[in-house]
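S.K.: sequence and predicted structure are below.
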2 protein chains.
Amino acid sequence: MRDFVYYSPTRFVFGRKMVDTTGAEMAAMGFNRVLLVYGKGSVVRSGVLDRVKASLEAAGVLYVEAGGVRPNPEVNWVRDAIAKARENEVDGVLAVGGGSTIDAAKATAFGIPYDGDVWDFFAKGQKIEKCLPIAVVLTIPAAGSEASASCVISCDAENRKVGTSGDIFRPKLAVMDPELTFTLPPYQTAAGVTDMISHICERYFSGVEAVPVTDNIATGLVNALIDEAPRALEDPEDYDARATIMWAGMLAHNDIAGCGRSLSPTARAGGWESHALEHELSAHHPEITHGAGLAVVMPAWMRYVWRSDPQRFLDFAAAVFGIEPVDDEFSPRDEAIEDAVEVAIDELQAFFRSLGMPATLADFGLTADDIDPLLETLRVNKGECFGAFQKLTLEDCRKIYESCL
Amino acid sequence: MRDFVYYSPTRFVFGRKMVDTTGAEMAAMGFNRVLLVYGKGSVVRSGVLDRVKASLEAAGVLYVEAGGVRPNPEVNWVRDAIAKARENEVDGVLAVGGGSTIDAAKATAFGIPYDGDVWDFFAKGQKIEKCLPIAVVLTIPAAGSEASASCVISCDAENRKVGTSGDIFRPKLAVMDPELTFTLPPYQTAAGVTDMISHICERYFSGVEAVPVTDNIATGLVNALIDEAPRALEDPEDYDARATIMWAGMLAHNDIAGCGRSLSPTARAGGWESHALEHELSAHHPEITHGAGLAVVMPAWMRYVWRSDPQRFLDFAAAVFGIEPVDDEFSPRDEAIEDAVEVAIDELQAFFRSLGMPATLADFGLTADDIDPLLETLRVNKGECFGAFQKLTLEDCRKIYESCL
């Protein structure tokens, strides 16, 4: 087990109607006057925003609204929100929404006490020294931002999407009410589950030796998602299935599934190869949902790299799909291993398909001609060579993309 | 999944030589002058205390010593420590040791800012409103106190041992260096592992329906312990085995293995029946180590109650031991279930025995005559009837104890 620091200080308030306790929870934690951050409509239409406001009012927590966060939140929105927050002298930020809204709230929270421009934290790697306390009401389980140390913001002017990380901006409070997710469209539910499984796999295939405690947690989460996600698609109001997805999505990304698996104690476990490959896809083709892109590139990445450490994939195959290599006189050990690993990857991809996710770039209408532009920006964002499980050159990445056609 | 609140705000610094970072970590968290709490000798003899002191001195964190905590820490020790802490105006408490030392430090930390007597929190259920920040250097993995919301203190004058709980006294920092546990005697290692598995099982068999995410985490932890603990006994300096035990012991009791499994959002999951039964054993016979007592009473409790919810035990049997009921024309379903459950409980008990743990009350030199006194104090501590998986009367408890003879 590699050395690690693990710090997930969020208070999770999880369950039916918990959204109505938001104000009381925040008041008890000392929030007095907050910036209320939300997106472009669904939390308004669903009535969730009104319930949050009512609970804030009942608890005497004042709020100033900053709505209209878009998917892939933009730095200009954050700049405006920071100005509004300063003007109103808020002492905290409350996000009501999914990963984009939460990331916008995070950037606002650490932008407020900073004298320079908030984009410095993303473009210049400026260290985050101060951050206002953040609370979250989660409405879309997928990104895990409700407890993660991650924040991703886009800058349209520079055509970039950049992440930063830090324990300092992990939310203090996350209100998680699975009933709020009953109305999520099936495609969004499925893409969210795919994203969660990818968050777990990026850490599981991190290029370091087995860590039994952490690995069992990781495959336990994947198994719970594989068992329960189909129930949520079959019956969108299956509370337990929705609750499983919501809680597993948090655990997939708060780093409990990576403890002891990173090369440096303070770095996140894993090389995040699938995320890097997907990032270019959805950056160039904004109509591609992040999770749907992952459903395509992650199995392809797995097929390309598993020979670097077959045992790691055999462990995954056994723990998640109950697949063991069968070698006998007719099938030598090498072939048996290859069969087992390939079948396990096929099973994973079949699971994503069963949820309604795509399996090829063609499913997005892309062709071989679309690959070069992906590689160009991949070079800018990741360099000539990246990865932890196996180092990938841009030529390797080309082959992975081609295998997705 | 039942509603729950989960809050585990401890910063975990885990790995080789991390003990030497204690001072720097504490200085970064704002500790200036602390009460340094430790036990009766092993941390002194091993040199761990000196390493902690050196790291505090290097980081400029002042300390006042309060040593001599005994197993089952006593309230008079805590009263003295509170007086010393006040006299020296400390701003935090640092425990170096195992569960007893940490519990003594916790009681001191919330006793300092309280005007009354610290025993009020235990004997009178006084609510804990304030607590000084607590840091821990863990040397004995077992009790899970390094991250738990639990604290147990004894009062010799009243012949009582009473626990209290509260998120307010969860440690802010836990330094966990598995190398410190290389010198733990085998019996203590084994008793610690048994205690951890019991912490998980108390939550797993909590009398509520399956919670896939949490249940997979729980059985994943048990599996990791069953796989790795024998390695630590075989080679006490097997780092990965020691690390597994140390990390699993924390996760067994910080409530991550109980999320969604309790009847009330703010209560711990489970009825803690085995702990209640063991508590009387080690209270009456102080030579009995808590974990060793659990190795005897927990399987007996399981055999007595499983028929209340056979499916729950079948789930455990399958996930931990790969045991499935086999029913065919020769063996009807009921018998197949009984076989599967009883074999799984046998396997669990055999595992405890393989670690060197006892299996019967006779192994402690106890006889049928020793049972009545246990029931008398059980009545005082738990009442006529208690339990969550199945309500137990004192007559039920007598039968469970008798089955251990």
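M.R.: Looks like it came in fine.

S.K.: make it CA atoms for all contacts and neighbour counts henceforth
M.R.: Noted.

S.K.: residues contacting A:Thr101?
M.R.: When contacts are counted by Cα atoms under 8 Å, 6 or more residues apart in numbering or on different chains, A:Thr101 touches A:37-39, A:69-71, A:73, A:95.

S.K.: and A:Leu132, by the same measure?
M.R.: Counted by Cα under 8 Å, 6+ apart, A:Leu132 has contacts A:91-93, A:109-110, A:112-113.

S.K.: before we move on, what about A:Ala142?
M.R.: A:98-99, A:191-193, A:195-196, A:246, A:249.

S.K.: now it: closest residue in space that isn't a chain neighbour?
M.R.: A:Gly192 (4.0 Å; Cα to Cα, 6 or more residues apart in numbering or on different chains).

S.K.: need the contact list for the one you found.
M.R.: A:Gly192 sits in contact with A:140-143, A:291, where contact means Cα under 8 Å, 6+ apart.

S.K.: do that again at 10 Å, thanks
M.R.: A:140-144, A:186, A:198, A:245-246, A:249, A:289-292 (Cα atoms under 10 Å, 6 or more residues apart in numbering or on different chains).

S.K.: and for A:Pro9?
M.R.: A:147, A:167, A:170-173, A:254, B:6-11, B:172.

S.K.: not counting residues beside it along the chain, what's closest to whichever residue of the stretch 301-405 of chain A sits closest to chain B?
M.R.: In the stretch 301-405 of chain A, the residue that lies nearest chain B is A:Ala319 (10.4 Å; Cα to the nearest Cα). Excluding the flanking residues, the one nearest A:Ala319 by Cα to Cα, 6+ apart is A:Thr219, at 6.3 Å.

S.K.: the one you found belongs to a helix, doesn't it?
M.R.: Yes - the assignment for A:Thr219 by DSSP: H, G, I helix; E, B strand; the rest coil puts it in a helix.

S.K.: can you tell me the helix or strand for the closest residue to chain B within chain A?
M.R.: Ranked by Cα to the nearest Cα, the top residue of chain A for proximity to chain B is A:Pro9, at 3.7 Å. Following DSSP states H and E, there is no helix or strand that holds A:Pro9.

S.K.: just A:Cys131 next, same as before
M.R.: A:Cys131 belongs to no helix or strand, assigned by DSSP H and E.

S.K.: same deal with the one 5 residues further on?
M.R.: Element membership for A:Val136 (DSSP H and E) is strand A:134-138.

S.K.: near chain B, which residues of the stretch 151-300 of chain A?
M.R.: Contacts of the stretch 151-300 of chain A with chain B, taken as Cα under 10 Å from any Cα of the partner chain, map to A:172-177, A:210-225, A:227-228, A:239-245, A:247-248, A:251, A:256, A:259-260, A:265-266.

S.K.: go with 8 Å
M.R.: A:211-213, A:216-217, A:220-221, A:224, A:240, A:243-244, A:247-248 (Cα under 8 Å from any Cα of the partner chain).

S.K.: go through those and flag which are in helices.
M.R.: A:212-213, A:216-217, A:220-221, A:224, A:240, A:243-244, A:247-248 (DSSP state H).

S.K.: closest to A:Arg51 out of those residues?
M.R.: A:Ala243 (19.9 Å; Cα to Cα).

S.K.: pretty sure the closest one contacts B:Phe4?
M.R.: No - between A:Ala243 and B:Phe4 there is no contact under Cα atoms under 8 Å: 11.4 Å.

S.K.: these two: which has the busier surroundings?
M.R.: The residue with more neighbours, out of A:Ala243 and B:Phe4, is A:Ala243; 29 against 25, by other Cα atoms under 10 Å in any protein chain shown.

S.K.: what residues are up against that one?
M.R.: A:15, A:177-178, B:1.
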